[in-house]
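Colleague: attaching a predicted model along with its sequence, questions to come.
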Amino acid sequence: MSNSSSSSFIVAFPSVPNTVEELQEMIFGDEKIYPNPCIWGANDRYGWPAEEVAETVWKDLQSRGTITREHALEAAQNGYLDDADRPEYPSHTIQDPELRAKVWDEYSAKSDAANRTVAEKFLDKVPEGHVLAEFEYSDNDGPYFTALEHGPLFMKLLHLRVSHH
């Protein structure tokens, strides 16, 4: 059994980067190493060169392009957002299928509304002229992508992390 996850990141860039070097500057500034947030043993890497990580993000940006505010709102509803006022998870012990479906639908609607509130607050903070892009990384794809999903990849930029667990 796997305990994999993925996370989407909605990132606000001051402008569309024109080169991988410009993207690297936006993400890392003067940092030369992207740290591994998951060091559990002596054989785990300390981190990866910032150039390597910037190249990965650059390729993803080139293939996915930028997104609209509407797309960002929709993407934010498909997972778990930090700071969302999430309703209590419904009981798995409801036997009646119709009641279980009704309870689940009510939970989903409340959860989506909580995510939308957080996403709207995030978008309100995005300065005029910034562009949005969406990235997704999964810890199911090995240590490197685990570090991208769980580490401080977009900490220097305004961003929203949508966890898919």
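Modeller: Arrived safely.

Colleague: which residues in this protein form strands?
Modeller: Ranges of strands in the chain, per DSSP state E, are 6-13, 33-35, 47-49, 66-67, 80-81, 131-138, 158-164.

Colleague: name the stretch among the ones you listed that sits most buried.
Modeller: strand 6-13 (a mean of 21; mean count of other C-beta atoms under 10 Å). Every residue, glycine included, has its C-beta placed from N, CA and C.

Colleague: between strand 131-138 and that one, find me the angle.
Modeller: Per axes from the mean of the first three to the mean of the last three C-alpha atoms, to 10 degrees, the angle that strand 6-13 makes with strand 131-138 is 160 degrees.

Colleague: in TSV: the strands of the chain, plus distance to residue 89 and mean pLDDT.
Modeller: TSV is the format used below for the strands of the chain (distance: least, C-beta to C-beta, whole Å; pLDDT from 0 to 100):
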stretch	distance to residue 89	mean pLDDT
strand 6-13	20	96
strand 33-35	33	93
strand 47-49	35	93
strand 66-67	29	98
strand 80-81	11	85
strand 131-138	23	97
strand 158-164	15	94
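
Colleague: minimum distance to residue 118: which of those strands has it?
Modeller: strand 80-81 (4.6 Å; C-beta to C-beta).
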